[in-house]
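Visitor: what's the 3D shape of this:
(one chain, ligands or ions: 1)
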Amino acid sequence: MKKVTWRSPSNIALVKYWGKKSGVQIPANPSISFTLENCHSETSVSLVEKETKSKDVELRFYFDGKANMAFQLKMLKFFESIKNSFPFLSTHGLLIHSTNSFPHSSGIASSASAMSALALCLCDLQQELKGKKGYDDKFYRKASTFARLGSGSASRSVYPYIAEWGKADYLRGTSDEYAVPFEKHLHKTFKTYQNTILIASSAEKKVSSRVGHSLMKSNPFAKTRYAQANNNLKEITSALKTGDLEKFGAITEEEAMTLHALMMCSSPSFILMAPSTLAMIEKIKQYREESKLPVYFTLDAGPNIHLLYPKNISKKVEAFIGGELQQHCENGRLIADHVGKGPKKIKG
Ligand code: PMV
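Guide: Numbering: from 1, shown residues only. You can find the predicted model right below:
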């Protein structure tokens with residue numbers, strides 16, 4: 001019986017996807033993200049004999065070696081919705097094992113890495129069953145499309161370094177249905193960019209991204225936000241090409257603060273920063289002011305800080321983190337990550 005394994009990374013958005021258009025997981029605005037390296041999921045999918053003769057999807061899901069019913073039910077629903085595109089989902093049973101490199105309680109969202117790893121496995125199995133070899137642009141585009149249906153941001157995790165998702169008229173080849181690589185335009189400074197994740201709190205998310213996206217439907221600033229995101233994407237893509245770190249940083253921080261502001265003015269409202277998030281933001285701004293070093297932050301839909309800086313100043317920034325920021329982290333926890341090389345098929 002066939003088995004494939006893929007390792008796929010998480011990503012951190014620079015211009016955020018927050019809000020959907022009508023349709024299945026169609027973003028209200030285009031987004032762009034760095035692909036991470038050390039935060040990843042590893043997923044294997046094996047095709048096994050079915051237990052029944054029905055056409056319904058049959059699967060068993062194990063997370064960290066343990067059966068996980070909650071995930072299994074989610075996955076079953078997802079596979080039922082895409083089974084017309086993958087005939088083996090009706091004819092075979094599936095045995096799925098998944099692990100994350102980062103702890104469940106780290107406050108790092110795993111949906112992007114997990115869903116992209118899963119989509120890569122499905123697309124790979126289909127290729128193998130057809131006797132096709134090699135992974136071309138079409139393969140990754142398809143994986144991105146199905147990753148998107150599982151979790152929007154996962155569409156961006158199938159590419160190395162940096163990926164863009166969502167139709168932007170000024171960027172050729174972009175689409176609402178799948179992400180596209182942006183690597184060939186990326187200034188070399190960003191290819192080794194550092195991302196230290198400062199764990200302000202590892203508590204469960206206060207609001208799911210599904211609920212968060214839907215709150216944008218009634219957010220009074222939605223229209224302005226989508227216009228801002230389009231403009232920020234245009235500006236940041238030019239900074240990413242030229243290596244303009246100041247412009248890159250200003251847009252990245254504006255995006256992080258806007259994401260949180262949108263949640264604060266949604267109805268009901270959510271405060272997703274912690275007191276320590278604010279303390280760290282103040283210190284980062286002060287350090288930047290004093291040192292004149294290009295150290296900027298972004299945030300996901302949670303309290304943890306993603307500190308972004310070029311590799312050539314790592315030593316100085318690590319000293320700053322150890323001396324000023326780590327004391328604000330939950331039990332001093334942080335994850336050292338950087339822009340990464342994208343997903344990888346694991347042999348054997
Ligand atoms: O992919 P989702 O539905 O979990 O949404 C992700 C939303 C953010 O992480 C906040 C922003 C983004 O673009 O990744």
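
Visitor: quick one: low-confidence residue ranges for the stretch 51-200 of the chain.
Guide: 105 (pLDDT under 70).

Visitor: near the ligand, which residues of it?
Guide: Counting by CB under 6 Å from any ligand atom, the residues of the stretch 51-200 of the chain close to the ligand are Ser111, Ser151, Gly152, Ser153. Where C-beta positions appear, they are placed from N, C-alpha and C, glycine not excepted.

Visitor: ok, of those, which one's closest to Ser202?
Guide: Closest to Ser202 out of these is Ser111 (16.5 Å), distances taken as CB to CB.

Visitor: excluding its backbone neighbours, what's nearest the closest one?
Guide: Ser151 (3.9 Å; CB to CB, 6 or more residues apart in numbering).

Visitor: helices of the stretch 1-150 of the chain, start to end?
Guide: 69-82, 88-91, 111-130, 137-150 (DSSP state H, counting those that start in this stretch).

Visitor: revised request: answer the last question for the stretch 151-300 of the chain.
Guide: 188-191, 209-215, 222-242, 245-264, 275-291.

Visitor: and those helices as CSV, adding mean neighbour count?
Guide: Conversion of the helices of the stretch 151-300 of the chain to CSV gives the following (neighbours: other CB atoms under 10 Å):
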stretch, mean neighbour count
helix 188-191, 16
helix 209-215, 16
helix 222-242, 18
helix 245-264, 19
helix 275-291, 16
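
Visitor: in the stretch 201-348 of the chain, what residue lies closest to the ligand?
Guide: Ser209 (3.4 Å; CB to the nearest ligand atom).

Visitor: quick one: which helix or strand includes the residue nearest to that residue when sequence neighbours are not counted?
Guide: Spatial nearest neighbour of Ser209, excluding adjacent residues (CB to CB, 6+ apart): Ala301 at 6.0 Å. Ala301 belongs to no helix or strand when elements are defined using DSSP states H and E.

Visitor: show me the contacts for the residue of the stretch 51-200 of the chain at minimum distance from the ligand.
Guide: Taking CB to the nearest ligand atom, the ligand has its nearest neighbour within the stretch 51-200 of the chain at Ser153, 3.2 Å off. Ser153 sits next to Asn11, Ala13, Tyr17, Ser31, Ser33, Ala109, Ser111, Ala112, Trp165, Ser209 when contact means CB atoms under 8 Å, 6 or more residues apart in numbering.

Visitor: likewise Ala109?
Guide: Ser10, Ser153, Lys205, Ser209, Asp300, Ala301, Gly302.

Visitor: check which helices and strands the strand ranked longest in the chain sits against.
Guide: As assigned by DSSP state E, the longest strand anywhere in the chain is strand 31-48. Counting contacts by 3 or more CB pairs under 8 Å, 6 or more residues apart in numbering; DSSP states H and E, strand 31-48 is packed against strand 3-15, strand 93-100, helix 111-130, strand 162-165, strand 194-198, helix 222-242, strand 334-338.
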